[in-house]
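Q: Show me how the following folds:
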Amino acid sequence: MYRVAVDVGGTFTDVVLQNEETGEIFVTKVPSTPSDQSIGLMDGILKICREAGVSLSDIRTIIHGTTVATNAVLEGKGAKVGLITTHGFEQILHVARSWTPAPVSAWIGFIKPDPLADLTNTRGALERISAQGEIIRELDEDHIRRQIQELYEKSVESLTISLINSYANPVHEQRIREIATEINPDIPVSISYEILPEFREYERTLTTVMNSYVRPPMQKYLRNIENKLKENHMRSRVGIVRSDGGLMSISAAATRPVHTMLSGPSGGVTASAMIGIQAGFRNVISFDMGGTSTDVALTYDGKPRVSRETKVGTFPVKAPSLEVVSIGAGGGSIAHVPPTGALRVGPKSAGADPGPACYGRGGEEPTVTDANVVLGYLPSSLVGGEMKLDVEAAFKAVGKIAERLGIDVYRAAKGIYDIVNENMYGAIRVVSVEKGYDPRDFALIALGGAGPLHANALGRLSGSFPVIIPPTPGVLSALGFLQSDIRNEYSKTFIRTLSQIDVRSLIRELNELGKEAEEWLIQESVPKDQQTVSFEVDVRYFRQGYEISIQVDKQTLIQNGLGLLKSQFDKIHEKIYGFKMDIELEIVNLRAVAIGKVTSPSLPSSSPGNEDASHALIDKEHKAFFDGEFLPTPLYDRALLKPNNRIPGPAIVIQKDSTTLVLPGYVAVVDNHMNLLIKEEV
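A: Numbering: from 1, shown residues only. From the prediction side, this is the model:
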């Protein structure tokens, strides 16, 4: 039997097919279909099955990373949302937080986005619950019934219920949902206690509203997938990738789509951790450079960093996700010269249609891909020879930049290449230096179709070596999906200083959350021997505005006492912020993380060869532009390489899903798992 992983990107949809018995993989790409991603998904599955000679009936599992929810928010194409909150708090989304997307007077030019739930579609419930969960005012059911009917008459497509202090007692939220369902069972209802049962009403309300905003388009998309599978007589189990790298069922994704906001990038991070460990490096920085954007992430000691809050556009969403920094730098990023006369690259992208000028689809704007063609870094075809590149169109497009700057076309192309690299280097510093890590202590892993072309240069900027190019960098996110485990989280707000509690009461609270997590794993039909539940405690200095998540082992906590939390907190705080203080600590939230381990076939290794890579040489006459001159830059076919083969730079290694550039003064060596390891030539 086989498993298929599908990663939908802005330009291409990547598909990986894996034999569950042998671990053998097949990869392919198809153009993305932004109007309905399920079309590209099915096209990719059909194509890879044809190429591998596999029957559709042999596909046991489909694992899918999707950008439907993210795109709905970024493009403003979500549902019309109605919001019910406690009377007197109707402006909660407008009050928000005093945050701007950039420092130094950014508030002058920052235009706050319209809330995802309009104030005219917001109603206040006559009720009140205290922060301790006590009912201060009973819910006025007749009043709220009239309010809901008003909203439904205004044609709201999705309803959010987020009451003050409901994290401490959800009884009123649950009753309002019952009333709403009685009035119209077809309108989906999201309640904050189920989406984010934690304090801080703005983040809780916004996250729940965003869940409602993307729920109808996500439900429609998932129905399209199910219909296409039925049309092709497929009974495969479908897993949707969560933002934190775990998996959820189609029904769970339809109910809580806010957990898929960073579904796509998480696959690349998961795969990078696996590739790094495989190559002997537990500390890695990955950058996934696609057609539209680049996602950068850091993995420390083999574990990707998990963030409890991320931003979708300018909205701070509090949902667990792998910590990824995204910037508008991709192969399709458009170069332009503003009135200041300084060359800029991105964030605007040519996308999949028309795409870069060299794609020959009518694009005329100069892009990073066009610059790579002009410099000789890209061969004359892409996607395994299926897409011919229009070299003349690339020169014409980049020529516009050269003319504007008054330089020749090659220096203009090199400028585009260098600037996009500097942009990505800035993102690397955000995930490393700004978090207390030195990038020189990490290996660099390149993902995405465009990543390996820029990896060596980026490693030189950051000092991160070796630079690792996996066997299938262009589809590595999809490959990462195959390593994803079933995952969910259960949390609660529990605000106590360490002096106010003892270990037994803390363990009792953790056990309650752990029981919920175990029950969920049973519902998901995860075998007992594949179930694990881990625990986290969010801790801060007393009354501090932010907290740090600390992983705890219950047995170790019992043995060492609450002093263990303090020592761990001080260590992490000092690493991130450079200092620690002798101030009382306060617990804020408790969390149980449920994981159902998925058996993932290991990637096959190859028998070793020797250093001579001449058998893979396909063009020794090729030349490329480096530092003001053209140098002989032989082309190698990656499919013909063997472990221990050594390729001195400058050189270009071509393959079906990507192209790797080895700079002068560097050498690429093939390891036993067919990774290319690029380092300085000694």
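
Q: where does residue 66 land on pLDDT?
A: According to the prediction, residue 66 has pLDDT 89.

Q: With residue 422 instead?
A: 96.

Q: repeat for residue 157
A: At residue 157, the model reports a pLDDT of 97.

Q: neighbours of it, just the number please.
A: 18 (other Cβ atoms under 10 Å). Every residue, glycine included, has its C-beta placed from N, CA and C.

Q: Point out where the chain drops to low pLDDT.
A: Regions of the chain meeting the criterion pLDDT under 70 cover residues 99-109, 352, 381-387, 600-605.

Q: State the next helix or strand along the chain beyond the lengthiest helix in it.
A: As assigned by DSSP state H, the longest helix anywhere in the chain is helix 201-231. Moving toward the C-terminus from helix 201-231, the next helix or strand (DSSP states H and E) is strand 237-241.

Q: And that following strand, what's buried?
A: If you call a residue buried by 16 or more other Cβ atoms under 10 Å, then strand 237-241 has these buried ones: 238-241.

Q: For residue 657, state which of these is nearest.
A: Using Cβ to Cβ, residue 241 is the member of the buried residues of strand 237-241 that lies nearest residue 657, at 19.4 Å.

Q: does the closest one really touch residue 64, like I thought?
A: Yes - at 6.6 Å, residue 241 and residue 64 qualify as touching, with contact defined as Cβ atoms under 8 Å.

Q: so where does the residue lying closest to residue 240 once chain neighbours are set aside fall, helix or strand?
A: Nearest-residue entry for residue 240: residue 253, 3.9 Å, with adjacent residues in sequence omitted and distances by Cβ to Cβ, 6 or more residues apart in numbering. Per DSSP H and E: residue 253 is located in helix 250-255.

Q: same thing with residue 295?
A: Per DSSP H and E, residue 295 falls inside strand 294-300.

Q: what are the pairing partners of that strand, and which direction each?
A: Partner strands for strand 294-300, per DSSP bridges, with pairing direction: strand 284-289 (antiparallel), strand 303-304 (antiparallel), strand 324-327 (antiparallel).

Q: Per the annotation, how does the chain divide into domains?
A: The chain breaks down by automatic domain parsing into domains covering 1-65, 83-214, 264-484, 486-596.

Q: For residue 650, which of those domains is the nearest?
A: Going by Cβ to Cβ, the one of the domains of the chain nearest residue 650 is domain 264-484, 9.6 Å.

Q: which residues of the stretch 451-600 of the chain fall in helices?
A: Along the stretch 451-600 of the chain, the stretches classed as helices by DSSP state H, counting those that start in this stretch are 451-462, 476-481, 503-523, 554-560, 563-577.

Q: Likewise for the stretch 51-200 of the chain?
A: Under DSSP H, counting those that start in this stretch, the stretch 51-200 of the chain gives helices at 68-74, 92-95, 106-109, 141-153, 171-183, 192-195.

Q: name the element residue 45 belongs to?
A: Assigned by DSSP H and E, residue 45 falls in helix 37-52.

Q: name the helices or strands packed onto that helix?
A: Under the contact criterion of 3 or more Cβ pairs under 8 Å, 6 or more residues apart in numbering; DSSP states H and E, helix 37-52 touches strand 2-8, strand 12-19, strand 25-31, strand 59-65, helix 201-231.

Q: Can I get that helix in CSV, CA atoms only?
A: Taking Å, rounded to 0.1, in the frame of the first residue of the first chain, the C-alpha atoms of helix 37-52 are listed here in CSV:
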residue,chain,number,x,y,z
GLN,A,37,-7.1,23.9,-4.8
SER,A,38,-8.8,20.5,-4.8
ILE,A,39,-8.4,20.4,-8.6
GLY,A,40,-4.6,20.7,-8.4
LEU,A,41,-4.6,18.2,-5.6
MET,A,42,-6.5,15.6,-7.6
ASP,A,43,-4.4,16.4,-10.7
GLY,A,44,-1.3,15.7,-8.7
ILE,A,45,-2.5,12.4,-7.3
LEU,A,46,-3.6,11.2,-10.7
LYS,A,47,-0.3,12.2,-12.3
ILE,A,48,2.0,10.6,-9.7
CYS,A,49,0.0,7.4,-9.8
ARG,A,50,0.4,7.2,-13.6
GLU,A,51,4.1,7.9,-13.3
ALA,A,52,4.7,5.3,-10.6
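
Q: May I see the buried residues of it?
A: Buried residues in helix 37-52, counted by 16+ other Cβ under 10 Å: 37-45, 48-49, 52.

Q: go on, stretch 250-266?
A: Going by neighbour count (16+ other Cβ under 10 Å), the buried part of stretch 250-266 is 250, 252-266.

Q: can you check stretch 285-295 too?
A: Under the neighbour-count rule (16+ other Cβ under 10 Å), stretch 285-295 has 285-295 buried.

Q: What is the end-to-end distance of it?
A: This stretch, stretch 285-295, spans 11 Å end to end (Cα to Cα, to the nearest Å).
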